[in-house]
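[1] Need coordinates for the following:
(one chain, ligands or ions: 1)
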Amino acid sequence: MQTTDRDIAEQATTSSSSLLSSRGQKNSKFLSGPIKKVAAVFRDQYDSELNPNGIVVLGVADNALMRGELLKFFNTDRLHLTGPELTYGDRFFTSTRLITALCKLFNDTPVGLDKEKPKLIKKVTADDIVVGSGATGILDALFTMLCNPGEGVLLSVPYYNGFDHDLTARAEAKIVEVYTPLPEVADPSKPKEPAQPSPSFTVDTVKAYQTSLDKAREDGTTVKALLICNPHNPTGLVYPRETIVALAKFAAKEKLHLVVDEIYARSVFHSADISDSSATRFETILSIDVEKEAGLPRGQVHVVTSASKDFGINGFRLGVYVNQGSEEIISAMTSVGILSQSSAPAGALWYSWLEDQDFLSWYFAENHRRMQGAYEYVTKWCRAHKIPYVPSNSGHFLLLDFQQFLKLKDGASEEKKREAEGELLGRLMDKGVFIAPGASYHHPIPGWFRLTFSLSPVAVKEGLSRAEKVLGLKSYISTIPMPNFEESMIQLPERLAQMQL
Ligand SMILES: Cc1ncc(COP(=O)(O)O)c(C=O)c1O
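    Numbering: from 1, shown residues only. The predicted model follows:
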């Protein structure tokens, strides 16, 4: 059976001869699983010039589509540190300039594909925000503050693989899986229809949450929270507004916290597969009156985001937490946040960008355009090879059905199918391409993989070409033109164009 990192940590028995605490021993074992292989892959990453024989990493959520422009932007005399930034900032925990720029981001910068600024129920103020070391650091702190060890968090499968570590490594929360229907796969032969919510994200799915909650309670688990990721990793779909309200009502009824990871809020694009409609439009929970519409106290709503995904700067390690109703939780998050603070120079670079409204607006428009093109490039490949995929309109990745490529005997058990998924991953890695296996996301059906499309077209082409060889497909990707994003780039505002960005 293909084990996940969480399985390894959970099954780890503690030894009295170890010098570590039981928590320390579990975390040490955690790093002996699949994540260790990912770290090894990172050390030998493909680069068309510097490491052409390295592994093409199509299995990590990364947006490199704007990398060239971002490097030019940041490397053009952007970092102007102030005295307090050489010490503990001017707020002890972070800097006023960063917090002010973040308030403006939440209050004034459109989300999803909107052109208008978000209509928030309450403006975000400095008192509502905590900055930490990436969404990872924020999630770790948040679940440590919300849950006692062993307390449950409802989470529908498949889910972002990092949650396993973020919720359990230190917080020791227990993930309670929820089995909502799986998303439909694309049928490219059919014309585009008015978009309906994916079956995974309809109002009806509340029943699946209730079933898992009741079962967990029967088993003696106290459930404290419900966690959703909107837009969703790994399906790349958004929650319709009515489902968020239904889940908020459910959280209110069951006295649960509602945690919404909105790290892809500005990574929504016009998808060739999905028509734009209210069912596919992203809505931040900050613009839903949860108290009025769902009876859920605002303090029980927790929003997590970061600089990583929408801004394409995973390496900055800047995470943001918003709560607009509980001073107690803001205080707890700030206090534990001291343990994993963000770095002032990273913050200074981010606010220099957030304060540059021209560059910010241009970046989002151009980024959405490139995401659309990158998505089309990969889905064209899927269709040519008759590889089913989940049509999507957000995030950096696509869920692909590789079941037809698993080496299986007739009537193979679930366990054998998972083994075959791991074996296929091994074959892909041997030929120099890493695509993330469904097991890491707790995908209930073996044979699904998550592939990142928002990388440089050269890397994607190389990765898909290597995958074609492993999967026994005829060569296709090298026969179609690669997207050339620079060619038809949205014009930069005059001032920035003069800086030759
Ligand atoms: C849904 C989701 N949440 C959180 C994270 C962690 O992000 P960060 O780099 O800010 O720690 C990721 C990273 O892939 C993610 O996809």
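
[2] Low-confidence stretches in the stretch 101-250 of the chain?
    187-195 (pLDDT under 70).

[3] what's P234 in contact with, if anything?
    With contact set as Cβ atoms under 8 Å, 6 or more residues apart in numbering, P234 has these partners: 158-160, 395, 397, 399, 436, 441, 443, 450. Bear in mind the C-beta positions are built from the backbone N, C-alpha and C, glycine included.

[4] quick one: which of those residues has the most company?
    G395 (31 neighbours; other Cβ atoms under 10 Å).

[5] Filter the contacts of P234 down to just the ones in strands.
    If you go by DSSP state E, these have 397, 399, 436, 450 in strands.

[6] In a markdown table: these, plus distance to the ligand and pLDDT.
    Converted to a markdown table, those look like this (distance: Cβ to the nearest ligand atom, whole Å; pLDDT from 0 to 100):
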| residue | distance to the ligand | pLDDT |
| --- | --- | --- |
| F397 | 9 | 97 |
| L399 | 14 | 97 |
| A436 | 11 | 96 |
| R450 | 10 | 98 |
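
[7] tell me the two of the residues you listed that are most distant?
    Maximum pairwise distance in the ones in strands among the contacts of P234, criterion Cβ to Cβ, is 9.9 Å, between L399 and A436.

[8] Which residue, neighbours along the chain excluded, lies closest to the residue of the stretch 351-500 of the chain found nearest the ligand?
    Relative to the ligand, the nearest point of the stretch 351-500 of the chain is G395 (7.7 Å; Cβ to the nearest ligand atom). In space, and not counting its chain neighbours, G395 is closest to G236: 4.0 Å by Cβ to Cβ, 6 or more residues apart in numbering.

[9] Tell me the spacing between the one you found and L58.
    Separation of G236 from L58 (Cβ to Cβ, to the nearest Å): 14 Å.

[10] Give the residues shared as contacts by L399 and A436.
    234, 449-450.

[11] Which residues of the stretch 251-400 of the chain lie near the ligand?
    Within the stretch 251-400 of the chain, the positions adjacent to the ligand are 261, 263, 306, 308, 314, 319 by Cβ under 6 Å from any ligand atom.

[12] What's the local residue count around the second one?
    By the measure other Cβ under 10 Å, the count of residues near I263 is 27.

[13] quick one, phi psi at it?
    Backbone torsions for I263, taken as degrees, to the nearest 10, come to phi -60, psi -20.

[14] Tell me if I'm right that it and D310 touch.
    Yes. When contacts are counted by Cβ atoms under 8 Å, I263 is listed as touching D310 (7.2 Å).

[15] Can you list the low-confidence ranges for the stretch 401-501 of the chain?
    Using pLDDT under 70, nothing in the stretch 401-501 of the chain is flagged.

[16] residue farthest from the centroid of the protein?
    For the chain, the largest distance from the centre (Cα atoms, centre = their mean) belongs to S17, which lies 38.5 Å off.

[17] who's in contact with the residue nearest to L318 when sequence neighbours are not counted?
    Distances taken as Cβ to Cβ, 6+ apart place A307 nearest to L318, at 4.1 Å, with adjacent residues excluded. Shown in contact with A307 (Cβ under 8 Å, 6+ apart): 313, 316, 318-320, 346, 350.

[18] got a list of contacts for the host helix or strand of L102?
    L102 is located in helix 96-108, with elements delineated by DSSP states H and E. The set of residues external to helix 96-108 that reach it, using Cβ under 8 Å, 6+ apart, is 89-91, 117-118, 120, 123-126, 129, 131, 286, 320, 322, 347-348, 350-351, 354-355.

[19] And the next helix or strand past that helix?
    Downstream of helix 96-108, the next assigned helix or strand under DSSP H and E is strand 129-132.

[20] ok, N63 touching G312?
    Yes. Applying Cβ under 8 Å, one finds N63 in contact with G312, separated by 4.3 Å.

[21] near the ligand, which residues of the stretch 101-250 of the chain?
    By the rule Cβ under 6 Å from any ligand atom, the part of the stretch 101-250 of the chain lying against the ligand is 134-136, 160, 162, 229, 233.

[22] in the stretch 151-300 of the chain, which spans are helices?
    Using DSSP state H, counting those that start in this stretch, the helices of the stretch 151-300 of the chain run over residues 162-168, 206-218, 241-253, 290-294.

[23] out of everything not next to it in sequence, what's closest to Q403?
    G447 (3.4 Å).

[24] Which neighbouring residues are in contact with that neighbour, exactly?
    With contact taken as Cβ under 8 Å, 6+ apart, G447 is in contact with 401-403, 405-406, 417, 420-421, 424, 438.

[25] Kindly recompute the last result at 7 Å.
    Counting by Cβ atoms under 7 Å, 6 or more residues apart in numbering, G447 touches 401-403, 406, 417, 421, 438.

[26] what's the answer for R266, then?
    By Cβ under 7 Å, 6+ apart, the contact list for R266 reads 111, 310, 364.

[27] Report pLDDT for it.
    pLDDT for R266: 96.

[28] In helices, which of the contacts of A307 appear?
    Among the contacts of A307, the residues falling in helices (DSSP state H) are 346, 350.

[29] what about stretch 385-405, start to end distance?
    In stretch 385-405, first residue to last residue: 12 Å (Cα to Cα, to the nearest Å).

[30] Buried residues, it. List them.
    385, 387-403, 405 (16 or more other Cβ atoms under 10 Å).

[31] ditto for stretch 141-151
    Residues 141-147, 151 are the ones in stretch 141-151 that count as buried (16+ other Cβ under 10 Å).

[32] Now the terminal residues of stretch 392-402, how far apart.
    OK, stretch 392-402 end separation, Cα to Cα: 17 Å.

[33] now it: how far from the chain's centre is it?
    When distances are taken as Cα atoms, centre = their mean, to the nearest Å, stretch 392-402 is centred 12 Å away from the chain's centroid.

[34] same check, this time on stretch 445-465
    Mean-position distance between stretch 445-465 and its chain equals 16 Å (Cα atoms, centre = their mean).

[35] Output it in CSV with nothing but the alpha carbons.
    C-alpha atoms of stretch 445-465 as CSV (Å, rounded to 0.1, in the frame of the first residue of the first chain):
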residue,chain,number,x,y,z
ILE,A,445,-9.6,6.4,-6.2
PRO,A,446,-6.1,5.1,-6.9
GLY,A,447,-4.6,6.3,-10.2
TRP,A,448,-5.4,10.0,-10.0
PHE,A,449,-2.5,12.5,-10.1
ARG,A,450,-2.2,16.2,-9.6
LEU,A,451,-0.2,18.1,-12.3
THR,A,452,0.9,21.7,-12.0
PHE,A,453,0.4,23.6,-15.2
SER,A,454,1.5,27.1,-14.2
LEU,A,455,5.2,26.6,-14.8
SER,A,456,7.4,27.8,-17.7
PRO,A,457,6.1,26.3,-20.9
VAL,A,458,9.6,24.9,-21.6
ALA,A,459,9.5,22.9,-18.4
VAL,A,460,5.9,21.7,-18.9
LYS,A,461,6.7,20.6,-22.4
GLU,A,462,9.8,18.7,-21.2
GLY,A,463,7.8,17.1,-18.4
LEU,A,464,4.9,16.1,-20.6
SER,A,465,7.2,14.7,-23.2
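
[36] Many thanks, have a good one.
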